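>>> Sharing a model that was predicted from the sequence below.
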Amino acid sequence: MALVAALFTQISRAQAQDHLERKAVSKIAPFYPEVAKPNRIKGVVKLEIVVRKNGSVQSVKVLGGVRS
């Protein structure tokens, strides 16, 4: 277990350092489904998004969500 924690800490530090050098190429407003508006449906969706070096999206995976 300690080995896993040590590896995770090293990866997190590397990602944090890279994060300081990265800048958003563009931002797109999220899509809100028409059926959700009149029913006042809202929630949080957790996504895993892999972004290529050029800023384009390589893949998107839905990890879960909570509806309120």
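That came through, no problem.
>>> Run through the protein and note the low-pLDDT ranges.
For the chain, residues meeting the criterion pLDDT under 70 lie at 1-20, 22, 68.
>>> how about the helices in it?
2-21 (DSSP state H).
>>> biggest strand in it by residues?
strand 57-67 (DSSP state E).
>>> CA atoms of that one as PDB?
C-alpha atoms of strand 57-67 as PDB (Å, rounded to 0.1, in the frame of the first residue of the first chain):
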ATOM      1  CA  VAL A  57      -9.900  16.000 -27.000                       C
ATOM      2  CA  GLN A  58      -8.700  12.500 -27.500                       C
ATOM      3  CA  SER A  59     -11.400  10.800 -25.400                       C
ATOM      4  CA  VAL A  60     -14.200  11.400 -22.900                       C
ATOM      5  CA  LYS A  61     -15.500   8.900 -20.300                       C
ATOM      6  CA  VAL A  62     -18.400   9.500 -18.000                       C
ATOM      7  CA  LEU A  63     -17.400   8.400 -14.500                       C
ATOM      8  CA  GLY A  64     -20.700   9.200 -12.800                       C
ATOM      9  CA  GLY A  65     -23.100  11.800 -11.700                       C
ATOM     10  CA  VAL A  66     -25.500  13.000  -9.100                       C
ATOM     11  CA  ARG A  67     -29.000  14.400 -10.100                       C
END
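>>> Partner strands of that strand and their direction?
In the sheet, strand 57-67 lines up against strand 43-51 (antiparallel) (DSSP bridges).
>>> Just the CA atoms of the strand it pairs with, as CSV, please.
Once non-C-alpha atoms are left out, strand 43-51 reads as follows in CSV (Å, rounded to 0.1, in the frame of the first residue of the first chain):
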residue,chain,number,x,y,z
GLY,A,43,-26.9,17.8,-11.4
VAL,A,44,-23.2,17.2,-11.4
VAL,A,45,-21.4,14.9,-14.0
LYS,A,46,-17.9,13.6,-13.4
LEU,A,47,-15.9,13.2,-16.6
GLU,A,48,-12.5,11.9,-17.4
ILE,A,49,-11.2,13.8,-20.4
VAL,A,50,-7.9,13.0,-22.2
VAL,A,51,-6.5,16.0,-24.0
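>>> I'm done for today, thanks for sticking with me.
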